[in-house]
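K.L.:
Fold the stuff below for me.
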Amino acid sequence: MRHFGIHEFYCPCCGGQCEMQDEFLQRLDRARGIAGVPFVINSGYRCKSHNRAVGGSKCSSHMIGWAADIKATDDKSRGHILYGLYMAGFTRIGIRKDFIHVDADPAKNEKRTWLY
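P.N.:
Below is the predicted model:
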């Protein structure tokens with residue numbers, strides 16, 4: 001990956017477990033290049049215990065390496081990040097005041113964007 005180190009996606013609670021999907025990481029890397037702004041990863045891979053601790057969904061794509069949350073605290077960077085994600089082909093995006101969730105879980109193939 002050009003724009004990320006794998007350590008950015010480690011689960012913080014279990015000694016750095018990381019089972020991210022290569023296809024997802026490559027597409028996210030492309031999105032970062034298109035966006036032209038840094039992508040700070042708030043959450044990448046999550047073990048079941050950490051996912052439960054942060055209130056994640058029981059079927060969270062983070063637990064199988066198909067999702068990430070990207071820090072986005074201002075409108076300008078949020079716009080660049082969203083543009084990069086859409087142009088890289090992501091179709092499942094959740095927007096919150098302080099981050100953007102993106103996933104490419106093949107089991108969740110519906111295209112949608114949502115607000116938290």
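
K.L.:
Show me the strands in this structure, by range?
P.N.:
Along the chain, counting by DSSP state E, strands occupy 41-43, 67-71, 92-95, 99-103, 112-115.

K.L.:
Quick one: mean pLDDT for stretch 34-44?
P.N.:
What stretch 34-44 shows for mean pLDDT is 97.

K.L.:
Would you mark the buried spots in that stretch?
P.N.:
A35, F39, I41, S43, G44 (16 or more other C-beta atoms under 10 Å). All C-beta atoms are positioned from the backbone trio N, CA, C, and that covers glycine.

K.L.:
Redo the strands of the chain as JSON lines? Include distance to G84.
P.N.:
Below are the strands of the chain laid out as JSON lines (distance: least, C-beta to C-beta, whole Å):
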{"stretch": "strand 41-43", "distance to G84": "14"}
{"stretch": "strand 67-71", "distance to G84": "10"}
{"stretch": "strand 92-95", "distance to G84": "11"}
{"stretch": "strand 99-103", "distance to G84": "10"}
{"stretch": "strand 112-115", "distance to G84": "14"}
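
K.L.:
re the thing from before, tell me the one among the buried residues of stretch 34-44 nearest to N51.
P.N.:
S43 (9.3 Å; C-beta to C-beta).

K.L.:
Not counting its neighbours along the chain, what's nearest the closest one?
P.N.:
Of all residues not flanking S43 in the chain, D69 sits nearest, at 4.1 Å (C-beta to C-beta, 6 or more residues apart in numbering).

K.L.:
Show the model's pLDDT score for the one you found.
P.N.:
98.

K.L.:
Let me know how buried it is, in neighbour terms.
P.N.:
Counted with other C-beta atoms under 10 Å, the neighbours of D69 add up to 21.

K.L.:
beta partners for it?
P.N.:
S43, H101 (DSSP bridges).

K.L.:
How much space separates it from M20?
P.N.:
Separation of D69 from M20 (C-beta to C-beta, to the nearest Å): 13 Å.
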